[in-house]
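# what follows is a predicted protein model with its sequence.
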Amino acid sequence: MKKKKKKKIITKRRSQIQYKKIKKKAKKPQKSSPEIHIAETPPLAMITPPEGFMAVSMSQAMMEYGKPVLEFVEKGAVKDPNDAFQLLIPLWNYGLSQKPEVVKEDKNMIINEIRKTLKLNEQEAEEFFDFMIKRKEYLLPDEIQPEDPRTMFIRKEKHYIISRFDYNSLRLSTKPYLPKEADLKLIGILHIMDRLARSFNTKDIDSPEYDIWESNFLALKELAGDRFINWMVFKGLKEDIDTFSFIASLFLDFIYSSSFETGITLSAVSNPELGVFLFDYILRKMSAEPYDYVKIPPALKLFYQFLSEIGYLDDPESFIKIIDTMEPALIEILQGRYS
């Protein structure tokens, strides 16, 4: 059971990493295409989609659309996930029937790649191609899509009963956690990141401090994930450890890598900033099963408790209370999206 859940989280992480690679390689519109002016994107939770649809980021739309391709990886028919992901770009682009500025690959070339990659015969490959094109039209009809390409409206294929996280499942040991050398190293990196966050914009790659920020940020992500998992195991948690760690990793991305605002730190994040994370940022960045989204508040509360026990924070309660007040609104949003 543990191995299966761990595999699901690994697949989830791999999917997001692979999407970034796909996005870089995706074909760009021709120079003659009209310029698109994009206003500030409203929070995902505030966008009202048509009846029967929900608002998602483009990356989430592509991953949902590509599930039939990714199933070949899960079933073992395709050994290298990269091979399956490479099919998504031409299939996705070919399905953009209302966007003539997108350069499309030849249909026969795509079918041939489907045949080779998914180990199908000619007829099966043609049928799969037709299925994926119709899937794009069904899931993401061109006529209802918003002008801002960063947000898409996708049809709800399933409906879920979304309830608040069962906190009774979190039975943490009361045994005090004694910080190890690695935990103290993590605190040191956090203090460096906090100083840098207050002194320059992380998007300013010409800043002399950028290299310092980049190296410490990469070290922070790796070490924080390792130590948080170690702490949860020490506290006796057996379920959702990988999911909680993944959510904490996205939170670190938001705090120390987002261009939303400079000066945000783990120890000084405010109500509005937490609101942006809960009601927009993570809803766009996290590709997961609907039930995993209810684990966002407990993951953040556990992460702040961990930061307190290793000595980075004096008291996590102020942050936990803020998350508590926002949790019902998040559950209501998730119920609207998935029910």
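That came through fine.
# wait, residue 316 touches residue 308, no?
Yes - using C-beta atoms under 8 Å, residue 316 is in contact with residue 308, at 4.2 Å. Quick note: C-beta positions are derived from backbone N, CA and C, even for glycine.
# tell me which of those two has more neighbours.
Neighbour count, other C-beta atoms under 10 Å: between residue 316 and residue 308, residue 316 has more, with 20 against 17.
# check contacts around the more buried one.
301, 304-305, 307-308 (C-beta atoms under 8 Å, 6 or more residues apart in numbering).
# so what's the residue count around the residue lying closest to residue 235 once chain neighbours are set aside?
Once flanking residues are discounted, residue 235 sits nearest to residue 172: 4.4 Å by C-beta to C-beta, 6 or more residues apart in numbering. Neighbours of residue 172 under the rule other C-beta under 10 Å: 13.
# next: residue 163.
So residue 163, with other C-beta under 10 Å, has 11 neighbours.
# cool, the one 4 residues further on as well?
By the other C-beta under 10 Å criterion, the neighbourhood of residue 167 contains 10 residues.
# so residue 199 sits against residue 212, correct?
No - in this structure residue 199 lies outside contact range of residue 212 using C-beta under 8 Å: 10.3 Å.
# for the residue most central in space within the chain, give its distance to residue 329.
Compute the mean C-alpha point of the chain, and by C-alpha atoms, centre = their mean the closest residue is residue 286, 2.3 Å away. As judged by C-beta to C-beta, to the nearest Å, residue 286 and residue 329 stand 17 Å apart.
# for residue 115, same thing?
Going from residue 115 to residue 329 by C-beta to C-beta gives 48 Å.
# list the buried ones in the one helix or strand residue 226 maps to?
Per DSSP states H and E: residue 226 is located in helix 210-234. By neighbour count on 16 or more other C-beta atoms under 10 Å, the buried set for helix 210-234 is 210, 213, 216-217, 220-221, 223-225, 227-229, 231-232.
# and what of stretch 302-314?
302-310, 312-313.
# hey, where'd the strands end up in the protein?
53-57, 151-155 (DSSP state E).
# mind putting those strands into CSV with mean neighbour count?
Below are the strands of the chain laid out as CSV (neighbours: other C-beta atoms under 10 Å):
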stretch, mean neighbour count
strand 53-57, 21
strand 151-155, 20
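# next, format those strands as JSON lines and append distance to residue 270.
Shown next, in JSON lines, are the strands of the chain (distance: least, C-beta to C-beta, whole Å):
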{"stretch": "strand 53-57", "distance to residue 270": "24"}
{"stretch": "strand 151-155", "distance to residue 270": "25"}
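# can you tell me the closest non-neighbouring residue to residue 234?
Counting by C-beta to C-beta, 6+ apart, the residue nearest residue 234 is residue 177, at 5.8 Å.
# could you do residue 138 as well?
Nearest one to residue 138, counting by C-beta to C-beta, 6+ apart, is residue 155 at 6.5 Å.
# correct me, but the one you found touches residue 137?
No - with contact defined as C-beta under 8 Å, residue 155 does not count as touching residue 137 (10.2 Å).
# if we can go back for a sec, look up phi and psi at the residue nearest to the centre of the chain.
Per-residue torsions, residue 286: phi -90, psi 120 (degrees, to the nearest 10).
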